[in-house]
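Enquirer: next input, structure requested:
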Amino acid sequence: MTVTSATQIGHTQATNKTTATKATSAYDAASTSQRDQTDTYKNSANVHNSEDYVIKEFLNDMYSKGSVSSASAITKETIQNKVNEYAQVLMESRGDAPKSESDISKILNEYKKELLQDYKKSLDGATNDNMTLEQQAIIKVLLEENTQEASALEQLLSQTASNTPKVTDKMAEMIEKYKDVYTPMPEKFSQEIEDLQTALIREKYPDYLPLEEVLKKYAVPVESPTPEAEAKAKALQDAKIAESLKTEGPNYYNGGLPRDEEREAFIRSVMMAHPNNTMDKYFNLSNSSERARTLNAAIYEGLENGETLDEAKAKASQVMDTYLDNTEMVQKMFDRSKSFFHEYYEAMEKSTEESKKIMERDGILQLQKDDGSIKYDGTVLDLREYGFDRRIFTFTLSENNKDMVSSLQEQIKFFDFILKNEELVKGKYDELDEEYKQRNGFNETVMTPVKEALPIAQRALDVFSKYEIFDK
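Expert: Numbering: from 1, shown residues only. Here you go, the predicted structure:
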C-alpha cells in the first residue's frame with residue numbers, strides 16, 4: 001500500500017505438578033483452611049490470580065523467545081513466590097499453638113527442596129537436541145541452588161548452549177531490561193486485565209466505573225442522524241442524570257461532583273501499571289498485534305536513546321500512526337462515534353468534500369496518473385534528476401519487516417538529501433507554479449515538515465529493523 005501522508009487516514013509455571021509430599025499437602029490444607037477467613041484475603045487472592053492469568057501469554061512468549069538468563073530469573077521468582085505464599089499461610093495458621101521460627105524455616109526449606117526436585121524431574125529425557133529454553137532455565141536455577149549432580153547438569157547445559165544459535169528476541173530483552181520503567185501494551189484485549197484494573201481502583205475509589213458501565217448507566221445513543229433523534233436522546237439522557245442525582249446523590253459520572261485531579265492521577269497510574277489493549281476491545285482491529293508490537297518497540301528504542309518515558313511514548317505513537325495501515329481503525333472509529341456526534345460528522349464530510357473540489361480545481365490535490373506515476377504539474381517538487389521520483393511524504397506500507405525497512409531507508413535518504421541541499425531544493429521549489437507557491441511557502445511545506453518527520457522515520461527504521469513486528 002502506497003500512501004502520501006505522514007498522518008494517514010500471566011504467569012506460566014513449570015508444567016509438572018507438585019507431588020503429594022507432606023510439605024505440599026500441608027500447604028494445600030492450610031491454604032484451604034485460610035481461604036475464607038477474611039474478605040481482605042479473598043480480594044487480594046482474586047487480584048493475584050487475575051494477575052497471574054494476565055501475564056501468562058507474556059511469559060509463554062518469554063520462554064519461547066527469550067534468553068536463558070531471563071527465563072531462569074522467571075523460574076527462580078516463581079519458586080520464591082510459592083515459598084513466600086506458603087510462609088504466609090504458615091504464619092497465619094499458627095493459632096494458639098504457634099510454631100517456632102526455626103520450625104517454620106525447616107518446613108519452608110523442605111518445601112523448597114521438593115519444588116526443586118519437581119522441576120528437576122521435568123528434565124527427565126531431555127537431551128541437548130530437544131532442550132527447551134524453559135528446561136535450560138531450570139538447569140540454571142538448579143545449579144545456582146547447589147543441587148546434587150551439578151557436573152552432569154553443567155555438561156548438559158553447556159552442550160545445549162553450544163548447539164543453540166546465539167539469537168535472542170529483542171523485545172524480550174527490552175521487556176526484561178525496562179520492566180521497572182514500562183509495562184508493555186498487550187497485543188490483544190484482556191478481560192482479566194480490565195477486571196484487575198477495576199479491582200485495584202475500587203480498593204481506593206469504590207464508586208469507580210469502567211467506561212462501558214458509565215455509558216450504559218448515564219449515556220443515551222442517538223438513534224438516527226436527525227435533529228428529532230438528537231433531541232430525544234438529549235431528553236432521555238437529562239432524565240437519566242436527574243434520576244441519578246435524586247437516587248444516588250452527586251457523583252463524578254452524573255456531574256454532581258467537580259473533577260478530582262488526585263483521583264484521575266491514581267486511575268491513570270493503575271492503567272499505566274496494568275495497560276490493556278482497549279483499541280482491540282472496541283474496534284477488533286485485524287492488526288492490533290502489530291500495532292502493540294510497534295508501540296512497545298518504539299518506546300523501548302526511545303528509552304534506549306535516553307528519552308523520558310513520556311517522550312518515548314509520544315514518538316512511539318507517531319511511529320505507530322504513521323507506519324502501520326490505520327485505514328481499518330479510522331473507519332471503525334468513524335462508524336462507532338457517528339451515531340453520537342452525527343451533526344459534527346455530517347458537517348465535516350460536507351466541508352471535506354467542498355475542500356476536495358477546491359483543491360482539485362486549484363491543482364493542490366495531487367492524483368496519480370493511471371499508471372501510478374506522479375503528475376508533475378507545477379505543484380509537485382521535481383527532484384527526478386537527483387534520483388527521487390516521489391512526493392515528499394510518499395512511502396509504501398507493507399506487511400513484512402524487510403519491505404518496511406527498504407521503504408524507510410528510501411524515505412530517510414530522500415529527507416537527508418533535502419536537508420543537506422536546502423539551496424538546491426529551494427531552486428527547484430522556485431520553479432513551481434506561482435499560485436501554488438503563494439499558498440504554500442517553502443519552509444512551511446518542505447523544510448519544516450521534513451525536519452519534523454525525519455526523527456519519526458529514523459525511529460521507525462530502528463523498530464522494523466530490530467524487532468519482529470509482523471508474524472512470519
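Enquirer: hmm, residue 178 is touching residue 300, no?
Expert: Yes. At 6.3 Å, residue 178 and residue 300 qualify as touching, with contact defined as Cβ atoms under 8 Å. C-beta coordinates here come from the backbone N, C-alpha and C atoms, glycine included.
Enquirer: okay, these two: which has more neighbours?
Expert: Between residue 178 and residue 300, counted using other Cβ atoms under 10 Å, the more crowded position is residue 300 (26 against 18).
Enquirer: in the one helix or strand that one maps to, which residues are buried?
Expert: Secondary structure assigned from DSSP states H and E places residue 300 in helix 288-304. Under the neighbour-count criterion of 16 or more other Cβ atoms under 10 Å, helix 288-304 has 288-303 buried.
Enquirer: got it, and stretch 188-197?
Expert: Of the residues in stretch 188-197, 189-190, 192-197 count as buried by neighbour count, 16+ other Cβ under 10 Å.
Enquirer: state the pair within those residues that is farthest apart.
Expert: Pairwise distances across those peak at 13.0 Å for 189 and 196 (criterion: Cβ to Cβ).
Enquirer: if we can go back for a sec, quick check, nearest of the buried residues of helix 288-304 to residue 185?
Expert: Nearest to residue 185 among these, counting by Cβ to Cβ, is residue 292 at 4.5 Å.
Enquirer: quick one: that closest one from residue 171, how far?
Expert: Separation of residue 292 from residue 171 (Cβ to Cβ, to the nearest Å) stands at 11 Å.
Enquirer: hey, what's in contact with both of those two?
Expert: By Cβ atoms under 8 Å, 6 or more residues apart in numbering, residue 292 and residue 171 have these common neighbours: residue 184.
Enquirer: my guess is residue 201 meets residue 266, correct?
Expert: Yes. Using Cβ under 8 Å, residue 201 is in contact with residue 266, at 7.3 Å.
Enquirer: which of these two has more neighbours?
Expert: A side-by-side neighbour count of residue 201 and residue 266, using other Cβ under 10 Å, places residue 201 first with 20 against 16.
Enquirer: in the stretch 351-472 of the chain, which spans are helices?
Expert: Remark: helices assigned in the stretch 351-472 of the chain by DSSP state H, counting those that start in this stretch are 401-420, 422-430, 434-439, 442, 448-466.
Enquirer: the first one packs against which elements?
Expert: Other helices and strands packing on helix 401-420, by 3 or more Cβ pairs under 8 Å, 6 or more residues apart in numbering; DSSP states H and E, are strand 395-396, helix 448-466.
Enquirer: which parts of that helix are buried?
Expert: So for helix 401-420, counting by 16+ other Cβ under 10 Å, buried means 401, 404-405, 407-408, 411-412, 414-415, 417-418.
Enquirer: the third one too?
Expert: Under the neighbour-count criterion of 16+ other Cβ under 10 Å, helix 434-439 has 436-437 buried.
Enquirer: which strands or helices does it pack on?
Expert: With contacts taken as 3+ Cβ pairs under 8 Å, 6+ apart, helix 434-439 sits against helix 342-362.
Enquirer: pLDDT (mean, whole number) over the helix it packs on?
Expert: Average pLDDT, helix 342-362: 64.
Enquirer: so, low pLDDT: which residues of this structure?
Expert: Within the chain, the segments meeting pLDDT under 70 span 1-75, 91-104, 119-168, 224-225, 336-349, 352, 355-372, 472.
Enquirer: now do the strands in it.
Expert: Listed in chain order, the strands of the chain (DSSP state E) span 2-3, 395-396.
Enquirer: ok, and the closest non-adjacent residue to residue 278?
Expert: Closest residue to residue 278 in three dimensions, ignoring its sequence neighbours and counting by Cβ to Cβ, 6 or more residues apart in numbering: residue 189, at 6.6 Å.
Enquirer: sorry, that was for residue 333
Expert: residue 283 (6.7 Å).
Enquirer: surely the one you found touches residue 331?
Expert: No. Counting by Cβ under 8 Å, residue 283 stays clear of residue 331, with 9.2 Å between them.
Enquirer: quick one, domains of the protein?
Expert: 22-168, 205-267, 374-472 (automatic domain parsing).
Enquirer: can you get me the start-to-end distance on the shortest one?
Expert: Pointing back at domain 205-267 there. 9 Å (Cα to Cα, to the nearest Å).
Enquirer: buried stuff in stretch 226-245?
Expert: Per 16+ other Cβ under 10 Å, stretch 226-245 contains these buried residues: 230, 233, 241, 244.
Enquirer: closest to residue 380 among those?
Expert: residue 230 (43.1 Å).
Enquirer: how about the closest one, nearest residue that isn't a chain neighbour?
Expert: The shortest distance from residue 230 to any non-neighbouring residue, by Cβ to Cβ, 6+ apart, is to residue 222 (5.4 Å).
Enquirer: my guess is that neighbour contacts residue 228. True?
Expert: No. Taking contacts as Cβ under 8 Å, residue 222 lies outside contact range of residue 228: 10.1 Å.
Enquirer: what separation do you get for residue 302 and residue 296?
Expert: Here residue 302 is placed at a distance of 11 Å from residue 296 (Cβ to Cβ).
Enquirer: hmm, I typed the wrong one, I wanted residue 197.
Expert: On the measure of Cβ to Cβ, residue 197 and residue 296 end up 19 Å apart.
Enquirer: and what of residue 187?
Expert: 9 Å.
Enquirer: coming back round to it: what's the neighbour count on the residue nearest to residue 333?
Expert: 18.
Enquirer: what sits up against stretch 248-260?
Expert: Taking Cβ under 8 Å, 6+ apart as the rule, stretch 248-260 contacts 207, 209, 214, 217-218, 241, 244-245, 263.
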